[in-house]
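# Please find the sequence and the predicted model below.
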Amino acid sequence: MTYIHAPATYDFRERSIMYGPVSDMVPSTPIFEMYPLGLTTLCEYLERHGLRSRIYNLASMMLHKKNFDVEKNLARLDSHLFGIDLHWMPHCHGSIEVARILKRLHPHVPVSFGGLSSSIFHEDLIKYDCIDYVFRGDSTEEPMRMLIERVARAAKTHTPVGDLSDIPNLTWKDASGAIRINPLSWVPDDMNAISLDYAYPMKGVLRHHDMTSYLPMKGWLSYPVTASLTCRGCARNCATCGGSAYAFKNHFGRRRVAWRDPKLLIRDIENVQNHVWGPIFVLNDFLQAGEAYTHEFITGLKGKVHNPIGFEFFGPPPGGDEFYQLLDNNLGNW
């Protein structure tokens, strides 16, 4: 399985573009070369289940290498299945253009899409000739494993993939070309079956003798900022957010926030320190999980985290000075 992260705009090297202010909200450049964290959890999950996978950050390659030949390099890729993330809306152009190129270069290799934006627009995406599968939902590790095993088996035996109606969260085309939409039924109640393990990309770099394709963003080696996920879903309903409780319920099938056990979250953060010296950014407001979760998480970090650590809150933390004192008592650099 090869996951390819496209630039937001495919031909950004050929034309001038007036980028919007949204590009200032992320640490990468305006072409959004930073790939979603979900690619890392997907690859780790697949490798843990005996399937070979890799991340190919095409956007990063195009940024780092001035004369990088996209088609020549994509033609060299050898995979049973290509996956392209359309998680953030700015990638609408780049992701579909890369899918077109892949289908032209590898006409017999299926192309799948995934991510939050893919979930919302799955019925539009599956109509493209260059897209064979679209995964819906915020947790597609297990459905993806099921599809890859089916596709790999078909490729090795030179037989059709066959009926895929048993794979949850999948929008696909059958042998006749008819569009099929499977139930959005794989929505785990927690985040404990996956792992944001930074050992995976390190192993990938060694395996493929290629660092650039795994780099999350330009300049990362000089300032390696990393992230850790507390949950999938949200308890809030901010009207401007595609990741609100309303959006998760209506587009991703999630009726409750899926939290990561604090002990596993602490393990993830400790693991980051084994590989990276830079700051760790804890994404999603863990205060939504309640006082007990907050206390277990913060006190559990005491003496275990030495990297600078930052937290994302969706509003001023309740408790004022008492909460900040909790951070001070347990963390040296927050």
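Thanks, I have the structure now. Numbers count the residues shown, from 1 in each chain.

# rest of the way, CA atoms for contacts and neighbours
Noted.

# which residues in the stretch 151-300 of the chain form helices?
Using DSSP state H, counting those that start in this stretch, the helices found in the stretch 151-300 of the chain span residues 199-208, 245-251, 262-273, 291-300.

# right, so of those, which gets closest to residue 19?
In terms of C-alpha to C-alpha, the element of those nearest to residue 19 is helix 245-251, at 25.9 Å.

# hang on, the earlier thing: looking at the helices of the stretch 151-300 of the chain, which has the lowest confidence?
Lowest mean pLDDT of the helices of the stretch 151-300 of the chain: helix 199-208, a mean of 80.

# Report the buried residues of that one.
Neighbour counts over helix 199-208 (16 or more other C-alpha atoms under 10 Å) mark 200-201, 204-205 as buried.

# State the mean pLDDT of stretch 139-149.
97.

# for stretch 89-106, same thing?
On average, the pLDDT along stretch 89-106 is 97.

# Next, the buried residues of the helix or strand hosting residue 147.
Assigned by DSSP states H and E, residue 147 belongs to helix 141-157. Across helix 141-157, burial judged by 16+ other C-alpha under 10 Å covers 141-148, 150-152, 155.

# Would you mind giving those residues as JSON lines with distance to residue 182 added?
Listed next are these as JSON lines, based on distance: C-alpha to C-alpha, whole Å:
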{"residue": "141", "distance to residue 182": "16"}
{"residue": "142", "distance to residue 182": "15"}
{"residue": "143", "distance to residue 182": "11"}
{"residue": "144", "distance to residue 182": "13"}
{"residue": "145", "distance to residue 182": "16"}
{"residue": "146", "distance to residue 182": "14"}
{"residue": "147", "distance to residue 182": "13"}
{"residue": "148", "distance to residue 182": "16"}
{"residue": "150", "distance to residue 182": "16"}
{"residue": "151", "distance to residue 182": "17"}
{"residue": "152", "distance to residue 182": "21"}
{"residue": "155", "distance to residue 182": "23"}
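
# Looking at these, which is nearest residue 232?
The shortest approach to residue 232 among the buried residues of helix 141-157 belongs to residue 141, at 13.2 Å (C-alpha to C-alpha).

# Without its sequence neighbours, what residue ends up closest to the closest one?
Spatially, and ignoring its direct neighbours in sequence, residue 141 is nearest to residue 42 (5.3 Å; C-alpha to C-alpha, 6 or more residues apart in numbering).

# Make sure I have this right: the one you found is in a helix.
Yes. Remark: residue 42 belongs to a helix, assigned using DSSP: H, G, I helix; E, B strand; the rest coil.

# quick one: it and residue 206, what's the gap?
Counting by C-alpha to C-alpha, to the nearest Å, the gap from residue 42 to residue 206 is 19 Å.

# now do residue 88
Residue 88 is 29 Å from residue 206, where distance means C-alpha to C-alpha.

# Just give me the neighbour total for residue 310.
14 (other C-alpha atoms under 10 Å).

# beta partners for it?
residue 281 (DSSP bridges).

# residue contacts, it?
For residue 310, the contacting residues are 279-282, 334, by C-alpha atoms under 8 Å, 6 or more residues apart in numbering.

# Check residue 334 too.
Contacts of residue 334 (C-alpha under 8 Å, 6+ apart): 308-310, 327-328.

# No further queries at this time; thank you.
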